[in-house]
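Participant: Give the three-dimensional model of this entry:
(one chain, ligands or ions: 4)
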Amino acid sequence: MTNWKELDQKAKQWVEEAGELIRNSFDSALSIQYKSNPNDLVTNMDKEVEQYLISKIQETYPDHKILGEEGYGDKVESLDGVVWIIDPIDGTMNFVHQQRNFAISVGVYGDGVGYIGLIYDVVHKELYHAFRGEGAYMNELPLPKRDEVKIEQAILSVSPMWVTENKRFDHQLITPIVKRVRGTRSYGSAALECAYVAAGRLDAYMTMRLAPWDFAAGLVLLEEVGANASTLSGEKLDLLNKNSFFIGEQSLHQYILKEFLVK
Ligand code: IPD
Ligand code: CA
Ligand code: CA
Ligand code: CA
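Facilitator: Ligands and ions are numbered 1, 2, ... in the order given. Coordinates of the predicted model:
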């Protein structure tokens with residue numbers, strides 16, 4: 001039997017220690033490499049943080065599985081058992097260019113159910129955390145359930161890239177949504193965007209393609225504040241594959257799906 005409370009304490013401690021590693025790295029030179037293309041960056045710190053978290057998990061929980069963006073974990077093919085889903089730095093481009101607007105994201109699932117979600121905004125020392133059935137918090141502050149938001153009062157996070165012609169999605173579906181909402185934002189860290197929707201700083205967030213490590217922690221937070229999460233066509237998200245992604249305050253999420261996305 002998994003002692004989820006003990007696991008939660010340890011996970012928080014390791015994430016905060018990893019945050020300290022990142023803050024201490026700001027004075028040292030970064031080594032930057034490219035992955036799939038020249039805009040797809042990875043640094044020595046992405047790798048170091050993932051290795052740090054994995055070493056702690058493996059030392060304490062040798063039978064748990066780990067899915068990490070940088071590939072130091074396991075080849076995870078099912079969600080059976082306890083699975084840690086880790087993005088060591090979500091928002092690497094922001095980390096490299098801005099030294100802010102990035103986060104460590106750790107979601108822990110038991111047989112496919114999200115128990116723990118941790119999103120750590122390292123620079124602001126803001127830890128967004130949720131434990132299944134016990135609510136979501138930003139540091140010690142409880143995050144209230146989200147109240148209904150009308151589209152005219154909503155702030156939507158969407159990258160301008162998706163409102164221009166692109167190969168993944170009919171951008172003409174997005175344009176009328178952008179026209180109806182109060183405003184749009186784009187932060188460049190999917191994990192932080194999930195945390196912001198949970199915390200009420202944003203009302204919805206949509207994007208054409210995310211990997212499980214971008215949103216695994218976020219889903220646990222969103223569930224605790226009663227927000228909705230799905231693909232852009234309203235389907236359930238798959239934690240083992242890439243998905244399109246749409247989250248929002250419940251009534252707003254349903255409204256946008258029905259009026260604009262699922263015809
Ligand atoms: C990226 C960020 C970004 C999102 C990309 C992700 P990374 O994660 O979350 O906001 O638009 O799709 O890949 O690579 O910085 O961890
Ligand atoms: Ca990346
Ligand atoms: Ca990411
Ligand atoms: Ca990353």
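
Participant: Name the helix or strand for the one residue in the stretch 101-250 of the chain that gets nearest to ligand 3, please.
Facilitator: Closest approach between the stretch 101-250 of the chain and ligand 3, counting by Cβ to the ion: residue 214, at 4.2 Å. All C-beta atoms are positioned from the backbone trio N, CA, C, and that covers glycine. Applying DSSP states H and E as the criterion places residue 214 in helix 212-224.

Participant: quick one: that helix near ligand 4?
Facilitator: No. Helix 212-224 does not reach ligand 4 (Cβ under 5 Å from the ion); its nearest approach is 6.9 Å.

Participant: send the alpha carbons of that helix over as PDB?
Facilitator: Provided in PDB are the C-alpha atoms of helix 212-224 (Å, rounded to 0.1, in the frame of the first residue of the first chain):
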ATOM      1  CA  PRO A 212       2.000  14.300 -20.500                       C
ATOM      2  CA  TRP A 213       4.800  15.800 -18.400                       C
ATOM      3  CA  ASP A 214       3.600  19.300 -19.300                       C
ATOM      4  CA  PHE A 215       0.100  18.800 -17.700                       C
ATOM      5  CA  ALA A 216       0.300  15.700 -15.400                       C
ATOM      6  CA  ALA A 217       0.700  17.800 -12.200                       C
ATOM      7  CA  GLY A 218      -1.700  20.500 -13.500                       C
ATOM      8  CA  LEU A 219      -4.600  18.100 -13.900                       C
ATOM      9  CA  VAL A 220      -4.500  17.200 -10.200                       C
ATOM     10  CA  LEU A 221      -4.600  20.900  -9.300                       C
ATOM     11  CA  LEU A 222      -7.400  21.600 -11.700                       C
ATOM     12  CA  GLU A 223      -9.500  18.700 -10.500                       C
ATOM     13  CA  GLU A 224      -9.300  20.100  -6.900                       C
END
